[in-house]
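Enquirer: Mind folding the following:
(2 chains)
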Amino acid sequence: MEFVKSADVVVIGGGIVGTAILRELSKYDLKCVLVEKEPDVALGTTKANSAILHAGFDAPTGSLKAITNVRGNKLYHELEHELDLDIKWTGSLVAATTDEEMQTLQELMARGRKNGVEGLQILSHDEVVEQEPNLTNVKGALWAPSAGVCWPFGAAIAFAECAVQNGAEVIRDCKVLGFVKEDGKITGVETSKGVIAAKYVVNAAGIYADEIAKLAGDDTFTITPRKGEYILFDKTACNSLVYGVVFPCPTKKSKGILVCTTTHGNTFIGPNANEQESKEDLAVTTNGMNEIMASARKLIPNLPMGAAITEFAGLRAVSSTGDFILGPSDKVENLYNAAGMQSPGLTAAPAVGELIAKEIARVSGAAAKTDFKAALPKKKSFVRMTPSEQAAKIAEDKLYGRVICRCETVTEGEIVEAIKSPVGARTVDGVKRRTRAGMGRCQGGFCGPRVTQILARELGISIPEVLKERADSNMFYEKYPVDGGEE
Amino acid sequence: MSQLYDVIIVGGGPAGLSAAYSAWENGAKKIIVIERDRELGGILQQCIHNGFGLHHFKEELTGPGYAHKCIELVKDKPEIETLVDTMVLDVQSNKTVIAVNPEKGLMKLEGKTVILTMGCRERTRGAIRIPGERPAGVFTAGAAQRMVNMEGYLPGHKIVILGSGDIGLIMARRMSLEGCKVQACLEICPFSNGLTRNIVQCLNDYDIPLYLSHTIVAIHGEKRVTGITVAKVDERMTPIPGTEFDIECDTVLLSVGLIPENELSRGLDLAMNPLTNGPVVDQHRETSLDGFFAAGNVVHVHDLVDFVSEEAEIAGKYAALKAQGKLSTDNRTIKVSAIDGVRTCVPQQVTLPAEIPADEKIKLFMRVAAPHRKVKLVVKSGENVLLNRPLPVAKPSEMIAVEIPAAKFNLIGDEISVGLVL
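Expert: Down below sits the predicted model:
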């Protein structure tokens, strides 16, 4: 067998879970490679979710979901500073509108306390309205001060870049096609870029985790995609919606359709929860939008629909076991699953990383690195700088004086930096997720062509080669050749 | 860097340039125009078709031709400075303007007056909530127009245009001339929102079907657009089940409305008109904040650039007079209300000194809510009719302008209304 590369650990999947695992693995004396089938990391569930760092009262006590949620929440409080993550510790409210739901809040609080969630408290109507003046319909709410919202793609990119800074490798556009096995053990991962020799394999393939496991010989679980649709509002709408995170009372299926304001001040409503067969269908539907609007109106009767700026859908990976599937596979000796990572997967990711990495370090006998660099260089966005910081930055590099995205005030300097960073942007949407260029009210109408030109220049490719997001999602084409001559 | 300008103009499109020239003509000695793009002229620079300037310059010009004329008016005048590639980050209520560009870095400019001429932007897919996948190939018509006309690339090959506003119609023709196949133009209203001449010259002449009362109910394609599903809509603009059909395309261009670009105005807390989406202005184009003027598409979306220039000249003149202390401060205000089929009217108020100059005229610019034939436009104050003008045709897409001698406002109360009589 010819190997293009050899690694101690191959991590499959560059979402929040795969990147968090890679970062934890990079703390040990292990050669680690992450493979991602798409042109960028954070392109699956990580890019379309509620971005909430849950407190941890939802999942049944003792479940992997509950344990890793509470631990993950704690870890984000440390990682926030190390990795310069965008997090707002807003706390969360579960809003009850009936006496029956007030009863549910008591159950949630009791479970949360058993799960180890601190500071839970039931608020009266008046106390809720004091925090969130638009929640006039609400009888009371469960207040969880440890919850927050984060910038999920930013977190995944930061995890990946921190791992790379510690010697790990991230290979994008690299799809897993199969496994090379000897005596029931994986010896190599066959990818679209060749076979990578591997001693251990981590399956963090999101909604495809069951298919990857099956390819390796583990058919003990299946993953069903569950679509969640969202509507995102302009920042100006925040005042007529909410400032923090507001859940309705949960149902058996999900935590419900929430109203939440992101780290950058855009409020969203969503998600609904509809199971489907397709793992690719990310279409937003009329019925879905009507469903989330109707549900959100129960909490906020006057939704400012004129201020909607985009709609999107994400797929959660719902496992057949009902819980996260974490740790060594029962069927394949050196395969480790991190599967079924639906909510609270984003919150749990650092704890899942810790758990899997510790296990692989133990089994392999790898020593912890003494020179692990936990901190990433701080990157302050231009818009958040003081005028003197802005002036200094422009003096250093004049591209910081050219604003490319007018809605979010993103400069050319930041875009170039995002492209040149260790796990840099290669697509228009990749630039968007790193800098916010195109995330504002005009949704890239103004900056899209400009970002395309900057990408082409920095990557040394032609404009028609620049992608929006995935392979073959080209933005622009060459003009037709001119025939010439007179008619 | 801090200097005191008579007039600071935010935006170097036709409105900003016309305002600058007019301010200069009216005695302003220190004027600056700030433009974010790499050249002056605004969106006109990408509008390479003709049809501009018949009213204002009395000749038919292309967009860049019109822009060139505006640029010629301001250039080589020591009193007028222009900055390109420069973004205004903040406008403060004390008329301090913070701007940035790569060469000069952060700049702090101070003005006696400020004119807001930021133009407008296009409504997006998200704003109108078109369902479906989110592949590449969905563009606002203006973004595609810039790419085709200024940068030299195509947005795709098989095109569907949603919205029959003028930009959509112009792009239908443009894409056809580029060798692309324009499959259809869809309009959710039962009537087109574009100029009649554009329907004829941009769709009919190229055999492009126009589907009135139709809209997109799904966009298909995981990577690049592969097609759309279209449905007929009822009178409430709701898709009618069973009327769906598919159109194959790789590109969807959206021409679904323009929104005045008022982020800076909102930061200033200017009184806004919810129907125009622009600041409330008086006949001098002064806003609710003393010394702040606004003109062009930032006030209300115009159909013709000629009217933008006309309005900007008003703003430029009065900003210049204000900067020189020549505007009367002892005024009475008359409110202008749009009623009975008139959707918007600019100015929304008239500010008059006790002694009205004999030759002053007040010009009102209106848009109707729905198309009509043979109606009368009536401007009145109580029972006192100031103007009664028959209109053979009134369309939402075309602005209606009327002029009333200011002297007529002498004898009336504090409010006038502008409405249609059927």
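Enquirer: all strands for the stretch 1-150 of chain B, in order.
Expert: With DSSP state E, counting those that start in this stretch as the criterion, the stretch 1-150 of chain B has strands at B:4-10, B:31-34, B:50-52, B:61-62, B:80-83, B:87-91, B:96-101, B:105-116, B:120-122, B:138-140.
Enquirer: again, but for the stretch 201-350 of chain B
Expert: So, for the stretch 201-350 of chain B - with DSSP E, counting those that start in this stretch - the strands run B:210-212, B:214-220, B:227-232, B:245-248, B:251-254, B:258-260, B:272-273, B:278-279, B:292-294, B:331-338, B:342-346, B:349-353.
Enquirer: same deal with the stretch 351-487 of chain A?
Expert: A:403-405, A:410-411, A:477-478.
Enquirer: Dump those into CSV; add distance to B:Gly194 and mean pLDDT as well.
Expert: Where you see a C-beta, it was placed from the backbone N, CA and C, and this is true even at glycine. Output for the strands of the stretch 351-487 of chain A, formatted as CSV (distance: least, Cβ to Cβ, whole Å; pLDDT from 0 to 100):
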stretch, distance to B:Gly194, mean pLDDT
strand A:403-405, 30, 96
strand A:410-411, 33, 98
strand A:477-478, 26, 96
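Enquirer: Which of these sits closest to A:Leu83?
Expert: A:Leu83 lies closest to strand A:410-411 among the strands of the stretch 351-487 of chain A, at 20.6 Å (Cβ to Cβ).
Enquirer: coming back round to it: and the strands of the stretch 351-487 of chain A as JSON lines, adding distance to chain B and mean neighbour count?
Expert: Formatted as JSON lines, these follow (distance: least, Cβ to the nearest Cβ, whole Å; neighbours: other Cβ atoms under 10 Å in any protein chain shown):
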{"stretch": "strand A:403-405", "distance to chain B": "4", "mean neighbour count": "26"}
{"stretch": "strand A:410-411", "distance to chain B": "8", "mean neighbour count": "28"}
{"stretch": "strand A:477-478", "distance to chain B": "5", "mean neighbour count": "14"}
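Enquirer: looking at these, which is closest to B:Gly325?
Expert: Nearest of the strands of the stretch 351-487 of chain A (Cβ to Cβ): strand A:403-405, 35.0 Å.
Enquirer: what's the closest one packed up against?
Expert: strand A:410-411, helix A:412-420, helix A:448-459 (3 or more Cβ pairs under 8 Å, 6 or more residues apart in numbering or on different chains; DSSP states H and E).
Enquirer: and the longest one, does that touch chain B?
Expert: It refers to helix A:448-459. Yes. Applying Cβ under 8 Å from any Cβ of the partner chain, one finds that helix A:448-459 is in contact with chain B at A:448-449, A:453.
Enquirer: For A:Ala204, give its distance to A:Leu22.
Expert: Applying Cβ to Cβ, to the nearest Å, the value for A:Ala204 to A:Leu22 is 9 Å.
Enquirer: Which residue does the stretch 301-422 of chain B have closest to chain A?
Expert: B:Val301 (15.2 Å; Cβ to the nearest Cβ).
Enquirer: and that residue, what does it touch?
Expert: Neighbour list for B:Val301: B:120, B:258-260, B:276 [criterion: Cβ atoms under 8 Å, 6 or more residues apart in numbering or on different chains].
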